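> model the following, please.
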Amino acid sequence: MGDFAVKPIRSEKMRHRFLKTLLREVKALDLMVQEGRFEREKLRIGAEQELCLIDEDGEPSLLGPEILTDIDDPHFTSEIGRFNLEINLDPFELRSDCLRNTERQLLRLLSLGDGIASDHGARFVLSGILPSLTHRHLLRKNMTPEKRYYLLSDVMKQQRGADFEIHIQGVDELMARLDTVLFEACNTSFQLHLQIPSEDFVDYYNWAQLISAPVLATAVNSPLLFGRELWMETRIALFQQSIDTRRSTNILRERQPRVYFGNRWLHNSVSELFKDHITRFPLILANEAEEDALAVLHAGNAPKLRSLRLHNGTVYTWNRPCYGVSQNRAHLRIENRYLPAGPTVADGMANFAFWLGLMRGIPPEKRKFYQDMSFQAVKDNFYRAARYGLHTVFCWFGKEWDAGTLIREELLPMARKGLEQSGVNSTDIDRYLGIIEDRVGNRRNGAQWQIDNFRRLSADYGSGVATVALTQAIRNRQENGTPVHQWTNIDSRKVYTLDVSRDKVCQFMSTDLYSVREQEPLEFVKTIMDWKKIRHLPVEDAQDNLIGLVTHTNLRHFQEIPEEEWGSIPIREMMVKNLITVSPDTPISSAARLMKTYGVGCLPVVQDNKLLGLITDTDVKRIMGEES
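Purely as a prediction, here's the structure:
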């Protein structure tokens, strides 16, 4: 969508005009497939590297648009969140040095951009989901200020008819809501492109679907979101839910989210996919037609199919069909969208080599494998891989395989053969596939490294400090380029030095809280506080707004009330109503001063009247004690 001047569909006339153009472009595509009007002499690979920006404290930096302006290189482009950027790499012909050239260009561009970002007090980080991201970073004001992003968000929300909600169950559980599509901004990926001859597209697209699960299991790098441990590749669930425009008015009807894996094998041609997207998914945006695709085709030229590409760009299949034109020659590509960014460039390139080798190494006898295989089993493999990574058990051609054995014994030899047949340099093959082999052998991918360190750091410091420390450690380890399976664990004794003037309440607040409704009786409230041995109990209304606080000191003021009356007195009559609260970004030093000034033992942490956490005088004493 970023290549087009887009607009919302504001009238029936405009919709009809766009649809007419869209249908003519589909007819043109059908003719091109029938007549074989696609480049086949040379095949190319390409990639897009999405990345995160962090400030010197390890939190998301919101200076993406300013940094992009200063970089002033056409390879760089914006993303929907101010804390993200994207690098579009040049396509390289599939031959001996293609992977090496891709890596060199990516390293050069990362170095260029990171140097300019550092002038703004920011740095680049490659991470599927940045560990230090929090819900408060996803406010509408943090959307990149470009019209197309606001249009996309507003139109999708209009189609949904409600706020966007996510609910992901992993080791922990996360439920959250936004009034924009900015959940999408949490995801950063390394998107891979491979040009496919049109006559082979059906077989190769189905094969791409089949191998998605083991390739993803090898590469998972997004286990955390908002301090919760979820899936090994949480991006898969998060992206699907982040822009889901479906409504729950008819639970019996099967409707696909705009982010999806697929439901069936491809059988006819690439046109089948484009037609399915037009049929299933409502139009979101439109553009002005600059050509009559059929007329351009009949004149012997390659049409751009701008409208078809625009609509295709608003449907996010994990393996996406792509149409492009270069030097008046049309080509088809498969875009791999499921791989996460990071943990290092070396890891990303190893993932690229593994996927490319498998795509090129499809055994001739398996070209039509999909005629006898259940698509549901392949889809099940994919979501298992997202949840469990290298701990997955796959169904593979009717046999159960653990991920490590399948990759080592079946897929790595296949990938090596595919790269060799494509003429890739043997030294590069050894290096990239060697990284995959060692990573799988050690069961040490980015997700596993993050989980191992997050659990230890959380136990020592709490999840707020842990996520920031984890982010900073990822950044530091990325600098030397060592693949993740060789990364050392974080030394928790040296990870953190308190700076009370900069460190924020959100890093230390308790978020696993008990609360009560305003109508609950005093007896019930006091019993909960006794059971759980807590000194502070928040009170919320029916809309989950914080309206009061009950404390042990507060309750002592009502000891003269006969105990037999406690069961009939609602807590709203006893609670403290004039609360001293802080925001998540309040410095610890300010929180400490507020507690001392007002003589309170607890500060609720609030955003938009909603309780996010509590920080107590005990927390502050512990923190300040660590400082001294």
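> what mean pLDDT does the longest strand along the chain get?
Ranked by residue count, the top strand of the chain under DSSP state E comes out as strand 44-55. Across strand 44-55, the average pLDDT comes to 98.
> stretch 521-531 now?
Taken as a whole, stretch 521-531 carries a mean pLDDT of 90.
> pull out the buried positions in it.
521-523, 525-526, 528-529 (16 or more other Cβ atoms under 10 Å). (C-beta placed from N, C-alpha, C; glycine too.)
> same check, this time on stretch 380-388
381-388.
> ok, now stretch 276-289?
Neighbour-count burial for stretch 276-289, counted by 16+ other Cβ under 10 Å, picks out 276-278, 281, 283-287, 289.
> so where's the stretch 151-300 of the chain shaky on pLDDT?
In the prediction, the stretch 151-300 of the chain carries residues with pLDDT under 70 at positions 247-254.
> show me where it has strands.
164-169, 173-178, 190-196, 224-225, 228-229, 259-260, 285-286 (DSSP state E, counting those that start in this stretch).
> dump those strands to TSV, plus distance to Met373.
Formatted as TSV, these follow (distance: least, Cβ to Cβ, whole Å):
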stretch	distance to Met373
strand 164-169	29
strand 173-178	34
strand 190-196	20
strand 224-225	33
strand 228-229	33
strand 259-260	19
strand 285-286	36
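> so which of those strands comes closest to Asp619?
Closest to Asp619 of these is strand 228-229 (Cβ to Cβ; 20.5 Å).
> give the other helices and strands that that closest one contacts.
In terms of contacts (3 or more Cβ pairs under 8 Å, 6 or more residues apart in numbering; DSSP states H and E), strand 228-229 is packed against helix 446-461.
> so what does the helix it packs on touch, helix or strand wise?
Where contact means 3+ Cβ pairs under 8 Å, 6+ apart, helix 446-461 is packed against strand 224-225, strand 228-229, helix 463-479.
> again, only this time at 7 Å
helix 463-479 (3 or more Cβ pairs under 7 Å, 6 or more residues apart in numbering; DSSP states H and E).
> follow-up on the earlier one: just give me the closest of the buried residues of stretch 276-289 to Leu43.
Of all the buried residues of stretch 276-289, His277 has the smallest distance to Leu43: 24.6 Å, by Cβ to Cβ.
> alpha carbons only: can I get whichever strand or helix holds Ile435 in PDB?
Remark: Ile435 resides in helix 426-442, with elements defined by DSSP states H and E. Output of helix 426-442 as PDB, limited to C-alpha atoms (Å, rounded to 0.1, in the frame of the first residue of the first chain):
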ATOM      1  CA  SER A 426      29.300 -23.400  -1.200                       C
ATOM      2  CA  THR A 427      31.000 -21.300   1.500                       C
ATOM      3  CA  ASP A 428      27.800 -19.300   2.000                       C
ATOM      4  CA  ILE A 429      25.700 -22.500   2.100                       C
ATOM      5  CA  ASP A 430      28.000 -24.000   4.800                       C
ATOM      6  CA  ARG A 431      27.900 -20.800   6.900                       C
ATOM      7  CA  TYR A 432      24.100 -20.100   6.800                       C
ATOM      8  CA  LEU A 433      22.900 -23.700   7.100                       C
ATOM      9  CA  GLY A 434      25.500 -24.300   9.800                       C
ATOM     10  CA  ILE A 435      23.800 -21.600  11.900                       C
ATOM     11  CA  ILE A 436      20.500 -23.400  11.500                       C
ATOM     12  CA  GLU A 437      22.000 -26.800  12.400                       C
ATOM     13  CA  ASP A 438      23.700 -25.400  15.500                       C
ATOM     14  CA  ARG A 439      20.600 -23.500  16.600                       C
ATOM     15  CA  VAL A 440      18.400 -26.500  16.200                       C
ATOM     16  CA  GLY A 441      20.900 -28.800  17.900                       C
ATOM     17  CA  ASN A 442      21.100 -26.500  20.900                       C
END
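> give me the contact list for that helix.
Applying Cβ atoms under 7 Å, 6 or more residues apart in numbering, the contact partners of helix 426-442 are 99-100, 218, 346-347, 349-350, 353-354, 390, 404, 407-408, 412, 415-416, 419-420, 445, 483-485.
> so which of those residues sit within strands?
Per DSSP E, the contacts of helix 426-442 never map to strands.
> show me what counts as buried in stretch 102-121.
102-103, 105-106, 109-110, 113-114, 116-117.
> tabulate those residues (CSV), appending pLDDT and distance to Leu89.
Below are the buried residues of stretch 102-121 laid out as CSV (pLDDT from 0 to 100; distance: Cβ to Cβ, whole Å):
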residue, pLDDT, distance to Leu89
Thr102, 98, 6
Glu103, 98, 10
Gln105, 98, 6
Leu106, 98, 6
Leu109, 98, 8
Leu110, 98, 11
Gly113, 98, 13
Asp114, 98, 16
Ile116, 98, 18
Ala117, 98, 18
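> need the residues you listed in JSON lines (columns: distance to Pro363).
Below are the buried residues of stretch 102-121 laid out as JSON lines (distance: Cβ to Cβ, whole Å):
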{"residue": "Thr102", "distance to Pro363": "26"}
{"residue": "Glu103", "distance to Pro363": "28"}
{"residue": "Gln105", "distance to Pro363": "32"}
{"residue": "Leu106", "distance to Pro363": "31"}
{"residue": "Leu109", "distance to Pro363": "36"}
{"residue": "Leu110", "distance to Pro363": "36"}
{"residue": "Gly113", "distance to Pro363": "41"}
{"residue": "Asp114", "distance to Pro363": "42"}
{"residue": "Ile116", "distance to Pro363": "47"}
{"residue": "Ala117", "distance to Pro363": "45"}
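> residues touching the most centrally placed residue in the chain, list them.
Centroid check for the chain by Cα atoms, centre = their mean gives Asn187 as the closest residue, at 2.1 Å. For Asn187, the contact set (Cβ under 7 Å, 6+ apart) comprises 128-129, 235, 238-239.
> and which of the residues you listed is nearest Ile168?
The nearest one, if we look at those relative to Ile168 and count by Cβ to Cβ, is Leu238, at 6.7 Å.
> isn't that closest one right up against Phe183?
Yes. Contact criterion Cβ atoms under 7 Å: Leu238 and Phe183 qualify, at 6.2 Å.
> which neighbours do those two share?
Contacts common to Leu238 and Phe183, judged by Cβ under 7 Å, 6+ apart, are Ile166.
> and Asn142, how far is that from Met175?
Separation of Asn142 from Met175 (Cβ to Cβ, to the nearest Å) stands at 21 Å.
> same deal with Arg416?
Note on Arg416: its distance to Met175, by Cβ to Cβ, is 44 Å.
> those two: who's more crowded?
Arg416 (21 against 10; other Cβ atoms under 10 Å).
> isn't the more buried one right up against Gly357?
Yes. If you go by Cβ under 7 Å, Arg416 and Gly357 touch, sitting 6.3 Å apart.
> and the buried residues of stretch 276-289, which is closest to Glu365?
Of the buried residues of stretch 276-289, the one sitting nearest to Glu365 (Cβ to Cβ) turns out to be Asp276, at 28.7 Å.
> how much space separates that closest one from Met373?
According to Cβ to Cβ, Asp276 and Met373 sit 20 Å apart.
> likewise Asp203?
Distance from Asp203 to Met373, by Cβ to Cβ: 13 Å.
> what is the neighbour count of Arg100?
Neighbour count for Arg100, taken as other Cβ under 10 Å: 17.
> list the contacts for it?
Going by Cβ under 7 Å, 6+ apart, Arg100 touches 425, 428.
> how far does stretch 213-220 sit from the chain's center?
15 Å (Cα atoms, centre = their mean, to the nearest Å).
> pull the CA atoms of it into CSV?
Output of stretch 213-220 as CSV, limited to C-alpha atoms (Å, rounded to 0.1, in the frame of the first residue of the first chain):
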residue,chain,number,x,y,z
ALA,A,213,5.8,-24.6,10.0
PRO,A,214,9.3,-26.1,10.4
VAL,A,215,10.9,-22.9,9.0
LEU,A,216,8.9,-20.8,11.5
ALA,A,217,9.7,-23.3,14.4
THR,A,218,13.4,-22.8,13.7
ALA,A,219,13.2,-18.9,13.6
VAL,A,220,10.8,-18.0,16.4
